[in-house]
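J.: Next come a sequence and a model predicted from it.
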Amino acid sequence: MNTAAKEFAGLGEMYFADECSGVHYDRHGKRTAELVRDAMKYYADTDLE
């Protein structure tokens with residue numbers, strides 16, 4: 001994984017782990033923060049390599 005992909009995936013992990021961000025995303029539906037994290041990781045793994 002290149003640097004940009006690692007940073008992008010890390011940002012998604014930060015959104016998921018941070019309580020304030022989690023509340024922001026989860027207001028759209030339960031586990032939305034987890035979905036965002038997983039989608040960002042997938043994008044980093046598949047399109048940012």
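T.: Noted; the coordinates are in hand.
J.: now Asp18: how far from Val36?
T.: Per CB to CB, to the nearest Å, Asp18 is found 12 Å from Val36. In this view, the C-beta of every residue, glycine as well, is placed from N, C-alpha and C.
J.: same check, this time on Met1
T.: Taking CB to CB, one finds Met1 at 19 Å from Val36.
J.: With neighbour numbers in mind, choose between the two.
T.: Between Met1 and Val36, Val36 has the larger neighbour count (other CB atoms under 10 Å), namely 20 against 13.
J.: Tell me the helix or strand right after the helix or strand of the chain with the lowest mean pLDDT.
T.: Sorting the helices and strands of the chain by mean pLDDT, DSSP states H and E puts helix 19-26 at the bottom, at a mean of 93. Note on helix 19-26: by DSSP states H and E, the next helix or strand toward the C-terminus is helix 32-47.
J.: Show me what counts as buried in that next one.
T.: Of all the residues in helix 32-47, those buried under the rule 16 or more other CB atoms under 10 Å are 33, 36-37, 40-41, 44.
J.: for stretch 15-27, the distance to its chain's centre please.
T.: Here stretch 15-27 shows a centroid-to-chain-centroid distance of 10 Å under the convention CA atoms, centre = their mean, to the nearest Å.
J.: what sits up against that stretch?
T.: If you take CB atoms under 8 Å, 6 or more residues apart in numbering as the criterion, stretch 15-27 is touched by 14, 32-34, 36-37, 40.
J.: repeat that with 7 Å
T.: Applying CB atoms under 7 Å, 6 or more residues apart in numbering, the external contacts of stretch 15-27 come out as 32-34, 36-37.
J.: And these, which is closest to Ala9?
T.: Of all the contacts of stretch 15-27, Ala9 sits closest to Arg37, with 8.6 Å by CB to CB.
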